[in-house]
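> Let me see the structure of the following:
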Amino acid sequence: MHHTRAAILSVGDELTLGQTLDTNSKWFSEQLRDMGIMPIEHVTVPDDVAAQTAAFARLASIADLIICSGGLGPTLDDLTRQALAAAAHDTLIEDPEALEQVRAWFAGRKYPMPEMNRVQALRPTRGRCIPNAAGTAPGLYIQLNTATKPCDVFCLPGPPSELRPMFEAHVRPHLRPPEGRTVQTRVLHTFGIGESALARLLDTMMSRDHVPMVGTTASGGVVSVRIRYEGPLDAAAARQLLDATEAKVRALAGSYIFGAGDDTLPGAVLAAARGRSHTIGVVESCTGGLLGKLLTDTPGSSDVFAGGFITYSNRLKTLLAGVSPALLESHGAVSREVALAMAEGARERLGTDHALAITGIAGPDGAVPATDARPAKPVGLVYIARASLAAPSEVRRFQMVGDRESVRLWAARSALAMLWRHLAQAPAIKFLREVE
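Presented below is the predicted three-dimensional model:
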């Protein structure tokens, strides 16, 4: 039996309640896709035997392979073993070899095995245990038989430090991708253009019958173009086809593309600055340090990012960034003039090659009504400025939409995109949500 279609099942209340982000499903999909096995569905269920049993049964009817993570611990809410046995119409027995592996794990740390961990050695009678060298939870394998076909099921513990080496050592060798079929993907990342506008640029390339398939996804202002080939071409021919399609996408939307694959916008900015031996500083008001966080989330950022100021109050805009009190009085903190003064003052005081400044009204309160002297300043109004040592400064005005978190994230990413375009010497564009 070949594994053509795979389903990925994630188990845990912490996942369904949004307390923990499921990164395992993404990782599984990447591994399977690169082998030529197409993931067709991700399912997340709580720690509930009935829900897990139903998920196993349904997914087995539509897939050749199920990869499950979670629910193999020793506590009362770890129910994957019971659910898998129920879906297979089987019972659980204790596996002596698995029990010895659990005992050995504790012995290696000079602890006696708690009696509650004995449950981790249970498996369906027709299944087998998968060794776990990094933890106490053996994995499980069984073949579920449906009315039309069999389905291989591999269950692994949730922690990535255990799951990934178990997959590589004990699951991957048993997977059988379809013969003569290749799956290859590629992704390009854009900023500054909306998803619908990007779709209009790509036009017929996004037709569902286009080979390879081209689609878009959007998140926090970043719109990614995803290219996927699935078919009979060998790997080299598929790669050539993706190369040609990527070249067409870049020809149509290249002025918005900042990276590919695992590239991030902060990473692209840091790489571009590093390539010029330039340094970056920030001064933030409404984003409250988010811009600096995005930069420092990238490992190795310290050789480029010098630091910055959080100037939430007018007093600190003056004290730290050197903004004139008269300027604040005449134009208000949320203004083109103050944003520019913040950036230029921060660049000079931090001694960096570039500085980014953000000032705005993130909401939900804080809107400023119109007066005879000044127009209204609504929630979502943001000014972003870039000051550079050897180039003219620039200021852009944005009208962001969404809740407070969205306004702040869009503002921080727009600031990064402004600096990236400057460093990359990219053509001038009007950003999405930028207003005159």
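> The helix ranked longest in the chain packs against which elements?
Criterion DSSP state H: the longest helix present in the chain is helix 404-424. Applying 3 or more CB pairs under 8 Å, 6 or more residues apart in numbering; DSSP states H and E, one finds that helix 404-424 contacts strand 182-191, strand 257-260, helix 265-275, helix 290-296, strand 354-360, strand 381-388, strand 391-399. Backbone N, C-alpha and C define where each C-beta goes, glycine included.
> what is the mean pLDDT for that helix?
Averaged across helix 404-424, pLDDT comes to 96.
> next one: stretch 333-352
pLDDT averaged over stretch 333-352 gives 98.
> quick one, what contacts the closest residue to Asn24 other than its chain neighbours?
In this structure, Asn24 finds its nearest non-sequential neighbour in Ser69, 4.5 Å apart by CB to CB, 6 or more residues apart in numbering. Contact analysis of Ser69 by CB atoms under 8 Å, 6 or more residues apart in numbering lists 9-11, 24-25, 28, 155-158, 163.
> can you pull the pLDDT of the residue of the chain most remote from its centre?
Here the chain reaches farthest from its C-alpha mean at Asp372, the gap being 46.2 Å by CA atoms, centre = their mean. On pLDDT, Asp372 comes in at 78.
> wait, isn't Glu394 in contact with Arg421?
No - shown here, Glu394 and Arg421 do not form a contact pair, counting by CB atoms under 8 Å, at 9.7 Å.
> what is in contact with these two at once?
By CB under 8 Å, 6+ apart, no residue touches both Glu394 and Arg421.
> These two: which has the busier surroundings?
Arg421 (23 against 17; other CB atoms under 10 Å).
> Tell me how far Lys334 lies from Thr371.
Small correction: residue 334 is Val, not Lys. 14 Å (CB to CB, to the nearest Å).
> ok, these two, which is more surrounded?
Val334 (19 against 8).
> Just to be sure, the more buried one is in a helix?
No - applying DSSP: H, G, I helix; E, B strand; the rest coil, one finds Val334 to be coil, outside a helix.
> so what's it up against?
Neighbour list for Val334: 359-361, 368, 377, 381-383 [criterion: CB under 8 Å, 6+ apart].
> Can you tell me which of these is nearest Thr298?
For these, the closest approach to Thr298 (CB to CB) belongs to Val382, at 22.9 Å.
> Now tell me what touches stretch 85-98 from outside.
So stretch 85-98 is in contact with 49, 52-53, 56-57, 60, 81-82, 118, 120-129, 131, 138, 142, 144, going by CB under 8 Å, 6+ apart.
> what bridges to the residue nearest to Asn24?
Beta-bridge partners recorded for Ser69 (DSSP bridges): Ser10, Leu156.
> distance of it from Ala87?
For Ser69, the distance to Ala87 - CB to CB - is 16 Å.
> Extract the C-alpha set from the longest helix of the chain and format it as CSV.
Output of helix 404-424 as CSV, limited to C-alpha atoms (Å, rounded to 0.1, in the frame of the first residue of the first chain):
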residue,chain,number,x,y,z
ARG,A,404,-5.6,47.6,19.0
GLU,A,405,-3.3,44.6,18.4
SER,A,406,-3.8,44.7,14.6
VAL,A,407,-3.0,48.4,14.5
ARG,A,408,0.2,47.9,16.4
LEU,A,409,1.3,44.9,14.4
TRP,A,410,0.6,46.6,11.0
ALA,A,411,2.4,49.7,12.2
ALA,A,412,5.5,47.8,13.3
ARG,A,413,5.6,45.8,10.1
SER,A,414,5.0,48.8,7.9
ALA,A,415,8.0,50.5,9.6
LEU,A,416,10.2,47.5,8.9
ALA,A,417,9.0,47.4,5.2
MET,A,418,9.9,51.1,4.8
LEU,A,419,13.4,50.5,6.0
TRP,A,420,13.7,47.3,3.9
ARG,A,421,12.7,49.1,0.8
HIS,A,422,15.2,51.8,1.5
LEU,A,423,18.0,49.3,2.1
ALA,A,424,17.1,47.2,-0.9
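> Going by neighbour count, list what's buried in that helix.
Applying a neighbour-count criterion of 16 or more other CB atoms under 10 Å, one finds 404, 406-423 buried in helix 404-424.
> Parallel or antiparallel, which strands does the helix or strand that that helix is followed by pair with?
Note on helix 404-424: by DSSP states H and E, the next helix or strand toward the C-terminus is strand 434-435. Looking at strand 434-435 with DSSP bridges, its partner strands are strand 391-399 (antiparallel).
> what's the partner strand in contact with?
Residues contacting strand 391-399 (CB under 8 Å, 6+ apart): 336, 339-340, 343-344, 360, 378, 380-387, 410-411, 414, 418, 422, 431, 433-436.
> Show me which of these are buried.
339-340, 343-344, 360, 380-387, 410-411, 414, 418, 422, 431, 433-434.
> quick revisit: which one of the contacts of Ser69 is nearest Glu329?
Minimum distance to Glu329 across the contacts of Ser69 is 53.6 Å, recorded for Ser25 (CB to CB).
> what about the closest one, is that helix, strand or coil?
Once three-state DSSP is applied, Ser25 turns out helix.
> can you give me the helices in the stretch 101-250 of the chain?
Under the criterion DSSP state H, counting those that start in this stretch, helices of the stretch 101-250 of the chain are mapped to 160-166, 195-202, 235-253.
> which one of those helices is the most hemmed in?
Highest mean neighbour count of the helices of the stretch 101-250 of the chain: helix 160-166, a mean of 17 (counted as mean count of other CB atoms under 10 Å).
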